[in-house]
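Engineer: Provided below for reference: sequence and predicted model.
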Amino acid sequence: MRVFTRLLPNQFTVPMVVSACSEVRDLVAGMIVHGLVFDEMHVRDVAWTALVIGYVSNGESVNGLRCVFEMYRGDGRPNFRTLEGGSQACGDLEVVYGGRC
């Protein structure tokens with residue numbers, strides 16, 4: 001395998017890597033990627049969504065919901081997939097009251 005040493009993560013590659021970690025259910029790898037570069041990203045919406053879905057898919061609904069709240073508190077703009085993940089987290093945690101979490 002060829003290693004590319006001059007490639008740097010950006011707002012496109014990081015969410016894809018986090019999503020890939022979610023798909024293969026490798027929560028540890030996803031958390032490592034998040035810890036390395038997430039705070040340096042300027043556009044985080046896709047990364048937030050990937051984190052929410054990754055956490056919820058791996059049974060970490062509390063952390064997924066925390067990401068949704070952090071996104072709302074910060075500069076994030078949730079999309080339908082983010083809200084879907086947040087709704088699933090609420091359902092998993094049985095904290096849905098009248099359609100609200």
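Structural biologist: All right, it came through fine.
Engineer: Next secondary structure after the lowest-mean-pLDDT helix or strand in the chain?
Structural biologist: One helix or strand of the chain scores below all others by mean pLDDT, DSSP states H and E: helix 27-37, with a mean of 71. Sequence-wise, the next helix or strand downstream of helix 27-37 (DSSP states H and E) is helix 45-57.
Engineer: Rounded mean pLDDT for that following helix, please.
Structural biologist: The average of the pLDDT scores along helix 45-57 is 84.
Engineer: Which residues does that helix contact?
Structural biologist: Helix 45-57 is contacted from outside by 11, 14-15, 18-19, 21-22, 25, 27, 30, 34, 38, 41, 61, 63-64, 67-68, 70-71, 76-79, 81-82, 85-86, 88-89, 92, using CB atoms under 8 Å, 6 or more residues apart in numbering. (C-beta placed from N, C-alpha, C; glycine too.)
Engineer: What's the ChimeraX line that selects buried ones from those residues?
Structural biologist: Selecting only the buried entries of those in ChimeraX, with 16 or more other CB atoms under 10 Å as the criterion:
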select :14,15,18,19,21,22,27,30,34,38,41,61,63,64,67,68,71,76,78,82,85,86,88,89,92
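Engineer: Filter the contacts of helix 45-57 down to the ones in strands?
Structural biologist: Taking DSSP state E, every one of the contacts of helix 45-57 sits outside strands.
Engineer: In helices only, show me the contacts of helix 45-57.
Structural biologist: Among the contacts of helix 45-57, the members falling in helices (DSSP state H) are 14-15, 18-19, 21-22, 27, 30, 34, 61, 63-64, 67-68, 70-71, 81-82, 85-86, 88-89, 92.
Engineer: Leu93: what's its closest spatial neighbour, skipping adjacent residues?
Structural biologist: Excluding its sequence neighbours, the residue lying closest to Leu93 (CB to CB, 6 or more residues apart in numbering) is Ser61, at 5.2 Å.
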